[in-house]
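**Q** The sequence and its predicted three-dimensional model are supplied below.
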There are 2 protein chains.
Amino acid sequence: MAIQLKNLGKAVLDAQYAVRGPIVARAQELEREGKEIVFCNIGNPQSLKQKPITYLRQILALCEYPQLLDDGASLFPRDVRETAKALLTGSKHGLGAYSESKGIRIVREAVAAFIQDRDGIDTDPDEIFLTDGASKGAQSALQILVAGPQDGVMIPIPQYPLYSATLTLLKGRQVPYYLDEDNDWQLSRKMLQDALDKAKSEGTNVRGIVVINPGNPTGSVLDKQNVAMIVDFARENDLAIIADEVYQENIYAQGAEFVSFARVLSEKNADDVSLFSLHSCSKGFLGECGHRGGYFEIRNVPEDVAAQILKLQSINLCSNLPGQIATYCMVRPPRRGEESYDLYVKERDAILSALRERAGIIAEGLNKIPGITCNTVAGAMYAFPMITLPPGKTDSDYCMALLEETGVCVVPGSGFGQRPDTAHFRTTLLPPTEKLREVVEAIGRFQASYR
Amino acid sequence: MAIQLKNLGKAVLDAQYAVRGPIVARAQELEREGKEIVFCNIGNPQSLKQKPITYLRQILALCEYPQLLDDGASLFPRDVRETAKALLTGSKHGLGAYSESKGIRIVREAVAAFIQDRDGIDTDPDEIFLTDGASKGAQSALQILVAGPQDGVMIPIPQYPLYSATLTLLKGRQVPYYLDEDNDWQLSRKMLQDALDKAKSEGTNVRGIVVINPGNPTGSVLDKQNVAMIVDFARENDLAIIADEVYQENIYAQGAEFVSFARVLSEKNADDVSLFSLHSCSKGFLGECGHRGGYFEIRNVPEDVAAQILKLQSINLCSNLPGQIATYCMVRPPRRGEESYDLYVKERDAILSALRERAGIIAEGLNKIPGITCNTVAGAMYAFPMITLPPGKTDSDYCMALLEETGVCVVPGSGFGQRPDTAHFRTTLLPPTEKLREVVEAIGRFQASYR
């Protein structure tokens, strides 16, 4: 037969993606056998009973079947109908036609206005690319940065494994830098410099740095000084920045604030630092993972390079249009005085306050368990606690045993990277509040018996 | 600045995708200046006034906003409501959650049933992968086949440039084989063998063959003997087959019939030939390009390789769920006796008969123009006529001049590949019938003056 495992490329074989790896496969098997599984392995809010935001779904329904604008007008608020009409007009041909490769223009304009309002900085709709989720933006950025096998990109440890997997597939080098667990997972200039020096000494041509803020899997939120330090570091070392900012709405800790790289770049007049920043409809309080909506913005990227990015995007024609519409709804929510506003605010605030409560439950609960320590979950959707293992056991053994014994499905720290001789797991904070308390209790009982 | 054109990889710079290249960019510019442009460069039916199929859009609206099942029940036929409910139940969490990496199980079951009915062969839902359009399936297949820089895949000339671009990005080799223009673009065993021998003599490790049937850009439909010949050729030379069958519903010529590679493989008991077959919601009579729905089926692929394909798919989490639902509607249309059936048949037949009429208009019309010869458009959505150029002019010059003079936007043959010393262009047959007649007349006037 033409295709056999031995013929596959090393890059394909080496690529790893633990968030949907063997432990998750086993969890699905157990579920089919009738066991109740709590899937804490992936940030998939609506699979754990989070309800969609009505505004977004109403607009999508009208865009899918515009006859409802006539037949079903009484079922939809006025502003929803007007927005749907404007989107249909702006898309020119509705949801059934390919859009421009970059995405529908009025959606990109809305994204630019959103960034402008958020950061108080000029933003060009032509530097916005709408994508199928944020993953595609990360892949595009890495594809541009990795030209040959000597090229490397700095990635945090722990990191979201999309980055390591994509670098592996592109046959580029991972240049790991540690996040400081003792200091709430902030970045330290020294750790960055150490990582860069080591890579250079190995002949790696370091092209960029990935920063995930708020942090996945760490649940940290970088403060403004930290973001500024990274911008300086990138500038001094001629690195592009890939800023994964998909959790920007998920901030829970008092005093914590999301500060975008775009804003700091602008405040520092760092117009010599190239930036790719990513956002998505899958996280925040929308949690619309299945719609695969998202965008990336390029800033300080030369026009001829931007043309190459556009060419790559055009090979895939365009991102899915319902996802583009969902992105519009994310960046242009109902405004005070519009008919949808009150319901929207009520739904949004209920989700965010539940997530905030759960961030507290998970971190405090895990910290009370002997053998587990967990930093504050200041943002994002995850906790990444450190665990003490019995001799001879790995974090994968631990997570598999936890699954078999309790039905709780989490991902071992090795899937994200961790300091040698430490062990962690990643869990989401997404189960409904009462269920999450049960998860924490189950982990506590398991930890006691597993030790 | 960290990112400059000179730092980009050769593969990125070399990748070409003419369907959205410089001529199209100029067309968009002219349109912004107020000139009327007829976009015949891309198979994007709904951008040229084709209406969506009501059944599909109704189901999508209900899945997006399930409250309509209660509030708006009277606006939807019973079978549509029942199907939407079944899809929502089958998806487990609606359209807002990531599905399994392969896609929602009941959609994959429906795809398997569709293949089974079409071809009378056993089909396994676990060998179906739902994708964002068919492009993603082509990319997955090529990624599996190209392990190193010596590896090559046979592609037709002319071809759809997704294949050449993807091979370039994967740093694999294109192994071109010619389609026989004098014989209605069928494949000849001799041309395949010549191409293979040449590649082998150059040290290329030929791993597979891409066949596009019905043909893009050729508009041909392969007869069963031709498909069987290709299967034999693949078997004897240990090649995997990538069968791009996205135009399988677009058959116009009397006596022409779509014969799938899966069916011929099965009839020949060729269970040693690995097959990737691709399908999409973007073509046929749905024309739902913007929904980016599609699937690929693997057949005769070892389980350990299938696991690698699944791993690659899982890095992108899953394809968009509205696209998955659109795929369901494609493979499981309303049945006789169901309330939606009559309207569905009426809409479907109107689109297909209009496309059939246009296939005749374009081929016959172009053939009447001195200096242009065009094969019968037996299927798909394109004509790929041969043109005679004045000395010193290229097909790109021709297409750019045609655009400037007439507003008709077509793609030069060089974007798809053609025999040396020949020139062609590709046009879709998608403009509304009267508009298409005008397009043909405009091309005739232009050709007379350009010579």
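**A** Happy to help now that I have it.

**Q** Give the full set of residues in contact with the residue of the stretch 101-250 of chain A found nearest chain B.
**A** For the stretch 101-250 of chain A, the residue closest to chain B is residue A:147, as judged by CB to the nearest CB, at 3.6 Å. Placement of C-beta: from N, CA and C, glycine included. Residue A:147 makes contacts with A:207, B:7-10, B:12, as judged by CB atoms under 8 Å, 6 or more residues apart in numbering or on different chains.

**Q** Restricted to buried residues, select these in PyMOL.
**A** Of those, the buried ones go into a single PyMOL selection, burial set by 16 or more other CB atoms under 10 Å in any protein chain shown:
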select buried, (chain A and resi 207) or (chain B and resi 7+8+9+12)
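
**Q** What ranges does chain A have for its strands?
**A** Along chain A, the segments classed as strands by DSSP state E run A:38-39, A:128-132, A:151-157, A:173-178, A:205-212, A:240-244, A:275-280, A:293-299, A:372-373, A:382-383, A:386-387, A:408-409, A:411-412, A:425-428.

**Q** out of the contacts of residue A:147, what pair is the most spread apart?
**A** A:207 and B:10 (15.4 Å; CB to CB).

**Q** Please report how far residue A:72 lies from residue A:81.
**A** For residue A:72, the distance to residue A:81 (CB to CB, to the nearest Å) stands at 10 Å.

**Q** returning to what we had before: return the most buried member of the strands of chain A.
**A** The highest average neighbour count among the strands of chain A, using mean count of other CB atoms under 10 Å in any protein chain shown, belongs to strand A:382-383 at a mean of 30.

**Q** which other residues reach that one?
**A** With CB under 8 Å, 6+ apart, strand A:382-383 has contacts from A:43, A:216-219, A:359, A:362-363, A:366, A:374-375, A:377, A:426-429.

**Q** again with stretch A:351-359
**A** With contact meaning CB under 8 Å, 6+ apart, stretch A:351-359 is reached by A:45, A:50-51, A:219, A:249-250, A:252-253, A:285, A:287, A:377-379, A:381, A:383, A:429-433, A:436.

**Q** before we move on, back to that, ok, so of the contacts of strand A:382-383, who is nearest residue B:329?
**A** Using CB to CB, residue A:43 comes nearest to residue B:329 of the contacts of strand A:382-383, at 29.0 Å.

**Q** just checking, the closest one touches residue A:280?
**A** No. The pair residue A:43 and residue A:280 does not pass the contact test of CB atoms under 8 Å, sitting 10.0 Å apart.

**Q** hmm, back to that, okay, the closest residue to the residue of the stretch 101-250 of chain A closest to chain B other than its chain neighbours and residue B:164: tell me how far apart.
**A** Once flanking residues are discounted, residue A:147 sits nearest to residue B:9: 3.6 Å by CB to CB, 6 or more residues apart in numbering or on different chains. Distance of residue B:9 to residue B:164, computed by CB to CB: 17 Å.

**Q** same question, residue A:274
**A** As judged by CB to CB, residue A:274 and residue B:164 stand 29 Å apart.

**Q** how many neighbours does residue A:34 have?
**A** Residues lying near residue A:34 (other CB atoms under 10 Å in any protein chain shown) number 6.

**Q** and the stretch 151-300 of chain A, which of its residues are near chain B?
**A** Counting by CB under 8 Å from any CB of the partner chain, the stretch 151-300 of chain A comes close to chain B at A:162, A:165-166, A:169, A:207-208, A:234, A:238-240, A:272-274, A:282, A:287-292, A:300.

**Q** ok, now with 6 Å
**A** A:165, A:238-240, A:272, A:274, A:288-290, A:292 (CB under 6 Å from any CB of the partner chain).

**Q** so can I have a markdown table of the residues you listed showing pLDDT?
**A** Below are those laid out as a markdown table (pLDDT from 0 to 100):
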| residue | pLDDT |
| --- | --- |
| A:165 | 94 |
| A:238 | 96 |
| A:239 | 97 |
| A:240 | 97 |
| A:272 | 94 |
| A:274 | 97 |
| A:288 | 98 |
| A:289 | 97 |
| A:290 | 97 |
| A:292 | 97 |
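
**Q** which one of the residues you listed has the most neighbours?
**A** Going by other CB under 10 Å, residue A:290 tops these with 34 neighbours.
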